[in-house]
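K.L.:
next comes the sequence, and after it the predicted model I'd like to discuss.
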Amino acid sequence: MNKVILIGRLTRDPEMRTTASGTSVTRFSIAVQRPFQDQNGERGADFINCVAWRRQAENIGKYCTKGTQVAIEGRIQTGSYDAQDGTKRYTTDIVCDNVTFLGSKNNNGSVVSPVDNTVDEMPTADITEDPFKDFGEEVALSDDDLPF
């Protein structure tokens, strides 16, 4: 079984191209935070190359930019090619079967919705005011009213 699930942020803007046969392909890389901290208390990250095809590639190219957070489901694919200097180069990519857009960061660090570009902010409440003041009449219950 060859299955990969990752959540990370794009490290650069995606590069979308079209093959000679007209198929869309988008290449991008994501930074995935490691689950542990080093001796200095800092978390490292792995930078993982990804490739998406067809409609998925078009959506990533259209809606994602550097910093966009995505969840990826796919598989690992390895390959090799001969470089112009005559050396053999090896590649490892995640071929994306499904990419879910989780949001992106704007300039001030707030999370931006990928659907409508609105900023998702936590609503704040005035804790000095009774939140149930307009709720209605008080209901008196006794232990006999409870079913347990």
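P.N.:
Structure received. Note that this is a predicted model, so its numbers are computed, not measured.

K.L.:
elements contacting the lengthiest strand in the chain?
P.N.:
Longest strand of the chain, by residue count under DSSP state E: strand 88-105. Counting contacts by 3 or more CB pairs under 8 Å, 6 or more residues apart in numbering; DSSP states H and E, the secondary-structure elements packed against strand 88-105 are strand 4-10, strand 43-53, helix 54-63, strand 69-82, strand 111-112. Heads up, the C-betas are built off the backbone N, CA and C, glycines and all.

K.L.:
what's that strand in contact with?
P.N.:
Contacts made with strand 88-105 from outside it, assessed by CB atoms under 8 Å, 6 or more residues apart in numbering, are listed as 4, 6-7, 9, 48-53, 56, 59-60, 63-65, 67-83, 111-114, 120.

K.L.:
what's the angle from that strand to strand 69-82?
P.N.:
Angle of strand 88-105 versus strand 69-82, following axes from the mean of the first three to the mean of the last three CA atoms, to 10 degrees, is 170 degrees.

K.L.:
in strand 88-105, which residues are buried?
P.N.:
Asp93, Ile94, Cys96, Val99, Phe101, Gly103, Ser104 (16 or more other CB atoms under 10 Å).

K.L.:
extract the C-alpha set from it and format it as PDB.
P.N.:
As requested, C-alpha coordinates have been extracted for strand 88-105 and formatted as PDB (Å, rounded to 0.1, in the frame of the first residue of the first chain):
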ATOM      1  CA  LYS A  88      21.700  11.000 -12.900                       C
ATOM      2  CA  ARG A  89      19.200  12.800 -10.600                       C
ATOM      3  CA  TYR A  90      16.700  11.100  -8.400                       C
ATOM      4  CA  THR A  91      13.300  12.600  -7.500                       C
ATOM      5  CA  THR A  92      10.600  11.900  -4.900                       C
ATOM      6  CA  ASP A  93       7.200  13.500  -5.300                       C
ATOM      7  CA  ILE A  94       3.800  13.100  -3.700                       C
ATOM      8  CA  VAL A  95       1.300  12.600  -6.500                       C
ATOM      9  CA  CYS A  96      -1.900  14.200  -5.200                       C
ATOM     10  CA  ASP A  97      -5.200  12.300  -5.400                       C
ATOM     11  CA  ASN A  98      -7.100  14.900  -3.300                       C
ATOM     12  CA  VAL A  99      -6.100  18.300  -2.100                       C
ATOM     13  CA  THR A 100      -8.300  20.200   0.400                       C
ATOM     14  CA  PHE A 101      -7.700  23.900   0.800                       C
ATOM     15  CA  LEU A 102      -7.600  24.800   4.500                       C
ATOM     16  CA  GLY A 103      -6.900  28.500   4.300                       C
ATOM     17  CA  SER A 104      -4.000  30.900   3.800                       C
ATOM     18  CA  LYS A 105      -2.300  33.700   5.800                       C
END
